[in-house]
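>>> Model the structure of this input:
(chains A, B, C and D)
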Protein chains: 2
Amino acid sequence: MEYTVNKLAKMSGVSARTLRYYDEIGLLKPARVAASGYRFYRQTQVDMLQQVLFYKELGFSLEDIKKLLSAPDFDRQRAFEDHLAALQEKRERFETLILNVTKSLTALKGEITMSDQEKFEGFKQKLLNDNEQRYGDEIRTKYGDALVDETYAKLKGLTKEQYAKSERLRLEFEKTLKAAFDTEDPAGTLAQKACDLHKQWLLVFYPRYSKEYHLGLGEIYVADERFRANYDKIAPGCTEFLRDAINIYCR
Amino acid sequence: MEYTVNKLAKMSGVSARTLRYYDEIGLLKPARVAASGYRFYRQTQVDMLQQVLFYKELGFSLEDIKKLLSAPDFDRQRAFEDHLAALQEKRERFETLILNVTKSLTALKGEITMSDQEKFEGFKQKLLNDNEQRYGDEIRTKYGDALVDETYAKLKGLTKEQYAKSERLRLEFEKTLKAAFDTEDPAGTLAQKACDLHKQWLLVFYPRYSKEYHLGLGEIYVADERFRANYDKIAPGCTEFLRDAINIYCR
DNA sequence: CCTTGACTTTGACGTTACGTCATAGTTTAT
DNA sequence: ATAAACTATGACGTAACGTCAAAGTCAAGG
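Next up, the predicted model:
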């Protein structure tokens, strides 16, 4: 299967001009060039373009991408694994930004106050993230952990999408809960938001959700040491706070 | 509390040069300038910078941000709400990218095969998200409209052509719906014509259309205020009218 | 009061990753 | 055979800063 510039452009979402530019700077040369000068791309180039786009998404300059891809020890699998870790971190940043907006909205209503620092949470991180410092070694272990979790999820009968959703919800829930705990108000907007996220999260595992179930779980969290440890990790006393918030949420 | 350039820069994560540039183009002027020429920023500017960074994160050009922020009808709360929706959209894109990497890794191991199209899932969508051209002149309202579009767009990456087609359909649909609403008859020819156009439009985003889906969507339009606002904009009460018409259309 | 070092100012030019023409040749469809 | 659609190569334009250089400003210590 051969692609012309426009075909490849449309499939990948970049412009034809971009492909010409990549050819010009030697980042992605076509598989062959006809006598007419027309460019033709094949499988190798399609896969390379995918790599380029991933690296670009993660904030690498084209020059650096060129170096990376043309390195003699370039390892596709390793690259994908790095992408995965980096993308997950970027997603974390979005969680932070979303929490930032949520808090800003609450602050606008006068229910909480926000420090100036807090107003930029999620933006500052970008510095660390965008720059390529992040591509270290401990990423590998992190990826390993994710794999374990995922295997575990499979045992429980979750699809990859469900697992992704549950993780996303859990992260957002924990962040919101932490912020809510600081307000010391289990009836406040943030605490109730946290409860809602908790519900969403539960729904992934137990679609037969009910208020009674949710209330019972709140009590179990407080009563059972294993759960308690998990939520007190967020902040001491957080487990009780969550239970109180759930009690209000379920009325 | 007054901030000097470097103080504000460090807190927000941008560079001092950036703040000077924003001053230069009139996007963010300091609260006061000392006789020495030193810039000093205060609360208002801090909050404005936060807005700027949110809009920037979402792919707006500085010129458009300037227009948005200086508009007489700029509404901070509304802005934050828009940010929230847009950020959640972007997060969805990351989910897609993460899934893409995961699949690519599995494909590399030979466990599954991936089509070339699939290799670019999550990148193509970016077009819709980043590109502001389609926002036209009245960015404000369009930004709201895009919210709805993108809710569907996330289901499938759209090419520029597909998007153009969907826009044509949407415009014709809205015109027909308006005319139908004036007849006050959800079972009438015009209303049913509108439903048909609505279906055509949906098909662009969601080819696996079903009557159940269409019916459910009618209810969601009424229930979700973001959608409701969008259709009530055509005429007050239009959302319910559309739902009723869809109910008849799908029998 | 003076010095020193950290901070700030205004230019001015450079850079990245393309967008946007214009002009001209090529391929495909009817 | 001819139009319609596609592609090529310049060449210039751009957005949002980065990166100097040269010079003025401020806060603290001696």
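
>>> wait, what's in contact with A:Ile112?
A:103, A:106, A:183, A:188, A:190 (CB atoms under 8 Å, 6 or more residues apart in numbering or on different chains). Where C-beta positions appear, they are placed from N, C-alpha and C, glycine not excepted.

>>> and which of those residues is nearest DNA strand C?
Taking CB to the nearest atom of the strand as the measure, DNA strand C lies nearest A:Lys103 of the contacts of A:Ile112, at 27.8 Å.

>>> now, the most widely separated pair of the contacts of A:Ile112?
A:Lys103 and A:Gly188 (11.4 Å; CB to CB).

>>> In terms of pLDDT, where does A:Cys250 sit?
pLDDT, A:Cys250: 82.

>>> angle of the longest helix anywhere in chain A against helix B:76-108?
When chain A is parsed with DSSP state H, its longest helix is helix A:76-108. Compare the direction of helix A:76-108 with that of helix B:76-108 by axes from the mean of the first three to the mean of the last three CA atoms, to 10 degrees and you get 160 degrees.

>>> So which bits of helix A:76-108 are buried?
A:79-106 (16 or more other CB atoms under 10 Å in any protein chain shown).

>>> so which helix or strand takes in the residue in the stretch 151-251 of chain A that DNA strand D sits nearest to?
Nearest residue of the stretch 151-251 of chain A to DNA strand D (CB to the nearest atom of the strand) works out as A:Lys175 at 26.9 Å. In the assignment (DSSP states H and E), A:Lys175 maps to helix A:160-183.

>>> Would you mind checking the average pLDDT for the helix or strand following that helix?
Next helix or strand after helix A:160-183 toward the C-terminus (DSSP H and E): helix A:189-205. For helix A:189-205, the mean pLDDT works out to 83.

>>> what's helix A:189-205 in contact with?
Contacts of helix A:189-205 with the rest of the structure, by CB under 8 Å, 6+ apart, involve A:102-103, A:106, A:109, A:111-112, A:156, A:158, A:162, A:165-166, A:169-170, A:172-173, A:176-177, A:179-180, A:183, A:185, A:209, A:213-214, A:217, A:241-242, A:245-246, A:248-249.

>>> Filter these down to just the buried residues.
A:102-103, A:106, A:112, A:158, A:165-166, A:169, A:172-173, A:176-177, A:179-180, A:183, A:185, A:214, A:217, A:241-242, A:245-246, A:249.

>>> quick one, what contacts the residue in the stretch 51-200 of chain A positioned nearest to chain B?
The nearest approach of the stretch 51-200 of chain A to chain B comes at A:Lys124, 3.7 Å away (CB to the nearest CB). Shown in contact with A:Lys124 (CB under 8 Å, 6+ apart): B:12-13.

>>> So which elements touch the strand or helix carrying A:Phe241?
Element membership for A:Phe241 (DSSP H and E) is helix A:238-249. Contacts defined by 3 or more CB pairs under 8 Å, 6 or more residues apart in numbering or on different chains; DSSP states H and E place helix A:238-249 against helix A:160-183, helix A:189-205, helix A:211-223, helix A:225-232.

>>> Of those, which is nearest B:Arg39?
B:Arg39 lies closest to helix A:160-183 among those, at 32.2 Å (CB to CB).

>>> Next, the angle helix A:189-205 makes with that closest one.
Using the same axes, to 10 degrees, helix A:160-183 lies at 160 degrees relative to helix A:189-205.

>>> per the record, what domains does chain A have?
With domains defined by automatic domain parsing, chain A comprises A:5-70, A:75-152, A:158-251.

>>> mean pLDDT lowest for which of the ones you listed?
Of all the domains of chain A, the minimum mean pLDDT falls on domain A:75-152 (a mean of 67).

>>> quick one: stretch A:44-53 near chain B?
Yes - applying CB under 8 Å from any CB of the partner chain, one finds stretch A:44-53 touching chain B at A:46-47, A:50, A:53.

>>> Please identify the buried residues of that stretch?
Neighbour counts using 16+ other CB under 10 Å place A:45-53 of stretch A:44-53 among the buried residues.

>>> do the same with stretch A:107-126
Buried residues in stretch A:107-126 (16+ other CB under 10 Å): A:112, A:114, A:116, A:118-126.

>>> from those residues, which is closest to A:Tyr41?
A:Lys126 (32.9 Å).

>>> I'd like to know how far the residue of the stretch 151-251 of chain A closest to DNA strand D sits from A:Ile234.
Distance, A:Lys175 to A:Ile234, using CB to CB, to the nearest Å: 9 Å.

>>> for the closest residue to A:Ile25 other than its chain neighbours, what are its contacts?
Nearest residue to A:Ile25 in three dimensions, chain neighbours excluded: A:Leu62, at 6.5 Å (CB to CB, 6 or more residues apart in numbering or on different chains). A:Leu62 sits next to A:22, A:25, A:27, A:52, A:56 when contact means CB under 8 Å, 6+ apart.

>>> Repeat that for A:Gln50.
Residues near A:Gln50 by CB under 8 Å, 6+ apart: A:12, B:104, B:119-120.

>>> what angle separates the helix or strand hosting it from helix A:76-108?
In this structure, A:Gln50 sits in helix A:43-57 according to DSSP H and E. For the pair helix A:43-57 and helix A:76-108, the angle between their directions (the same axes, to 10 degrees) equals 30 degrees.

>>> and after helix A:43-57, which helix or strand comes next?
Past helix A:43-57, the next helix or strand by DSSP H and E is helix A:62-70.

>>> Which positions in that following helix come out as buried?
A:62, A:65-66, A:68-69.

>>> and it, does that touch DNA strand C?
Yes - residues of helix A:62-70 contacting DNA strand C under CB under 7 Å from any atom of the strand: A:62-63.

>>> From the chain's centroid, how far away is that helix?
25 Å (CA atoms, centre = their mean, to the nearest Å).

>>> Report the inter-axis angle for that helix versus helix A:43-57.
Using the same axes, to 10 degrees: helix A:62-70 against helix A:43-57 is 140 degrees.

>>> Is DNA strand D within reach of helix A:62-70?
No - Helix A:62-70 does not reach DNA strand D (CB under 7 Å from any atom of the strand); its nearest approach is 13.3 Å.

>>> could you dump that helix to PDB, C-alpha only?
Taking Å, rounded to 0.1, in the frame of the first residue of the first chain, the C-alpha atoms of helix A:62-70 are listed here in PDB:
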ATOM      1  CA  LEU A  62      11.700  18.100  15.500                       C
ATOM      2  CA  GLU A  63      15.500  18.200  15.700                       C
ATOM      3  CA  ASP A  64      15.500  16.100  18.800                       C
ATOM      4  CA  ILE A  65      13.000  13.700  17.300                       C
ATOM      5  CA  LYS A  66      15.300  13.300  14.300                       C
ATOM      6  CA  LYS A  67      18.200  12.400  16.500                       C
ATOM      7  CA  LEU A  68      16.100  10.000  18.500                       C
ATOM      8  CA  LEU A  69      14.700   8.100  15.600                       C
ATOM      9  CA  SER A  70      18.000   7.900  13.700                       C
END
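
>>> Spit out the contact partners of A:Glu174.
A:Ile234.

>>> do A:Glu57 as well
A:Glu57 makes contact with A:87, B:97, B:123, according to CB under 8 Å, 6+ apart.

>>> what about 10 Å?
A:83, A:86-87, A:90, B:93-94, B:97, B:122-123, B:126 (CB atoms under 10 Å, 6 or more residues apart in numbering or on different chains).

>>> next one: A:Phe80
Residues in contact with A:Phe80 (CB under 10 Å, 6+ apart) are A:50-51, A:54, A:143, B:100-108.

>>> Right, I'll call it a day here.
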